[in-house]
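Asks: just need the structure, nothing else, for what follows:
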Amino acid sequence: MSAASDAGARVVVALDVGGTTLSGGLVAEDGAVLCAAERPAARDGGRDPGLHGTVALARELSVRAQDMGAEVVGIGAGFPEYVSQVGTLTSRDVIGWDEQPAGLLAPLVPGRPVVVESDVRCGALAEARTGSGRGLGSFLYVSLGTGLSAAFVQDGRVWAGQRGEALGLGTWPVHGVLSPDLEGYTSGSGIAARYSAVTGSAVAGARAVVARAEAGDAAAFDVLSTAGGALGTALAWAVALLDPAAIVVGGGLGTVGGLLDESMRTAYAAHARRRGQPPVRHAELGARSGLVGAALAAWEHPADARESHRVA
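Replies: So this is what the prediction gives:
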């Protein structure tokens, strides 16, 4: 949309904070992304230390909204950490934060709500409202990117768990291998680390491994096929526990298709406990699920809860 057509629009500043990339945008109430921006997450040897990059991107988008003549009604931010039901980060597994993001972001939107959520629950919410989970009674959303996590959705509501920790698919053990857990074996960072360990050749990330596999690299082929196999097996176990109507796979790596996806689907079918297992779908919003969901989390936050996030 042009700046002229956006004049008078009401938007949320949406942030999808990843281990590799900081994504942001101005998002309308219907989930339409009016503008978007990305920045590298890595800085000073860490992943957004002090959340300086996150705050700077939010400030940039706020200025952009002002230039467009749009009204910012709040900020929604998704993080690759455990997030409590009151919007506080409770882990430091990925991002180098030292102050809660709600407190750092609130001064950018005085009197407006700041809603902080888990990035995987943001992705699940977006797919439930406008993507591949739309109209389903239930589904398991899996985010495969730099890391690996999942969220269960039933009747349009994303299950957070008592402590906000119902997302730890990546912590499941992988038996018989050296990697400590599923994330270390099958996520983007895990794939890159495994390939480097096997070959002694450092790679920038999983996409480099994908490119080498497509060029005929046998080691890359093995790393990707076993990663997909492990994830597909885990999804079959998850179905045996939750019995969802579908599985929706999103994230930057989860939506690219190819060998990893094929291996995942083959293992999923092979380890199905019963016939007629739920279908596996790609996230309709692709890598933007988290960004759109972060905005929707702010738009849909209950009015009384939104008040608790306000800073005058």
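
Asks: now do the helices in this protein.
Replies: Applying DSSP state H to the chain gives helices spanning 3-6, 52-68, 101-105, 119-130, 182-186, 188-199, 206-214, 218-242, 258-270, 289-300, 303-308.

Asks: would you turn those helices into JSON lines with distance to V13?
Replies: Backbone N, C-alpha and C define where each C-beta goes, glycine included. Below are those laid out as JSON lines (distance: least, CB to CB, whole Å):
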{"stretch": "helix 3-6", "distance to V13": "14"}
{"stretch": "helix 52-68", "distance to V13": "5"}
{"stretch": "helix 101-105", "distance to V13": "8"}
{"stretch": "helix 119-130", "distance to V13": "14"}
{"stretch": "helix 182-186", "distance to V13": "29"}
{"stretch": "helix 188-199", "distance to V13": "26"}
{"stretch": "helix 206-214", "distance to V13": "28"}
{"stretch": "helix 218-242", "distance to V13": "33"}
{"stretch": "helix 258-270", "distance to V13": "33"}
{"stretch": "helix 289-300", "distance to V13": "8"}
{"stretch": "helix 303-308", "distance to V13": "15"}
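
Asks: mean pLDDT for those helices: which is lowest?
Replies: Lowest mean pLDDT within the helices of the chain: helix 303-308, a mean of 43.

Asks: just to revisit the earlier point, and the helices of the chain as a markdown table, adding distance to P80 and mean neighbour count?
Replies: Shown next, in a markdown table, are the helices of the chain (distance: least, CB to CB, whole Å; neighbours: other CB atoms under 10 Å):
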| stretch | distance to P80 | mean neighbour count |
| --- | --- | --- |
| helix 3-6 | 30 | 13 |
| helix 52-68 | 12 | 18 |
| helix 101-105 | 12 | 21 |
| helix 119-130 | 5 | 29 |
| helix 182-186 | 11 | 25 |
| helix 188-199 | 11 | 20 |
| helix 206-214 | 15 | 19 |
| helix 218-242 | 17 | 20 |
| helix 258-270 | 20 | 19 |
| helix 289-300 | 9 | 28 |
| helix 303-308 | 23 | 11 |
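
Asks: those helices: which one's closest to D30?
Replies: helix 119-130 (7.9 Å; CB to CB).

Asks: what bridges to the residue lying closest to C35 once chain neighbours are set aside?
Replies: Distances taken as CB to CB, 6 or more residues apart in numbering place L26 nearest to C35, at 5.2 Å, with adjacent residues excluded. L26 has these beta-bridge partners by DSSP bridges: V13, C35.
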